[in-house]
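Asker: What follows is a predicted protein model with its sequence.
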Amino acid sequence: MRIKKPLFIIGTTALLALYSVTLFLLGTVYTVSNSATTQTAQKGQYVVKEHDGKIAVFEKGNAAPKKTLNIEVATLRQYDRLRFKEGVTVNSLYELSMLEEDFSS
């Protein structure tokens with residue numbers, strides 16, 4: 001009986017220490033990942049909007065399109081035409097490719 005109590009205390013202490021270290025490491029990974037995502041979003045903003053009757057991709061702040069997509073605005077629903085007339089902001093190349101894929105099919 002005397003041996004079981006110290007083993008229980010040591011085991012419980014070890015589990016709590018392991019749990020604390022795990023939480024610390026997960027918090028660190030989340031913080032690094034979150035800050036990297038924020039930096040990417042701030043650096044890679046694009047505006048997708050109508051240009052000469054087609055959908056074009058502009059780097060935020062630039063007047064000349066970076067890329068013109070083979071999507072004619074006249075073929076889109078009215079809601080989408082209005083969205084692209086105002087401009088749709090995307091934060092990454094991945095979001096840009098997803099948007100292009102949605103309207104190309």
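Answerer: Thanks, I have the structure now. Residues are numbered from 1 along each chain as shown.
Asker: Low-confidence ranges, this protein, go.
Answerer: The model of the chain has pLDDT under 70 over residues 1-3, 11, 14-44, 105.
Asker: hey, C-alpha coordinates of stretch 55-62 in CSV?
Answerer: Only the C-alpha atoms of stretch 55-62 are listed here, as CSV (Å, rounded to 0.1, in the frame of the first residue of the first chain):
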residue,chain,number,x,y,z
ILE,A,55,-13.3,38.6,-65.9
ALA,A,56,-9.8,39.9,-65.1
VAL,A,57,-7.5,39.5,-62.1
PHE,A,58,-5.8,42.6,-60.7
GLU,A,59,-3.2,42.8,-58.1
LYS,A,60,-4.7,45.0,-55.4
GLY,A,61,-3.8,48.6,-56.3
ASN,A,62,-2.8,48.0,-59.9
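Asker: where do the helices sit along the chain?
Answerer: 4-43, 78-86, 93-104 (DSSP state H).
Asker: So which elements touch the last one?
Answerer: Applying 3 or more Cβ pairs under 8 Å, 6 or more residues apart in numbering; DSSP states H and E, we find helix 93-104 packed against strand 46-51, strand 67-72, strand 88-90. Where you see a C-beta, it was placed from the backbone N, CA and C, and this is true even at glycine.
Asker: can I see the domain layout of this structure?
Answerer: 1-43, 46-104 (automatic domain parsing).
Asker: didn't Y46 look like it was pressed against K60?
Answerer: Yes: with contact defined as Cβ atoms under 8 Å, Y46 counts as touching K60 (6.4 Å).
Asker: Who has more neighbours out of those two?
Answerer: Counting neighbours by other Cβ atoms under 10 Å for Y46 and for K60 shows that Y46 has the greater number, 22 against 13.
Asker: Can you give me the separation between the more buried one and T89?
Answerer: Note on Y46: its distance to T89, by Cβ to Cβ, to the nearest Å, is 7 Å.
Asker: same question, L7
Answerer: L7 is 59 Å from T89, by Cβ to Cβ.
Asker: So the two - more neighbours on which side?
Answerer: Using other Cβ under 10 Å as the criterion, L7 and T89 rank with T89 on top: 12 against 9.
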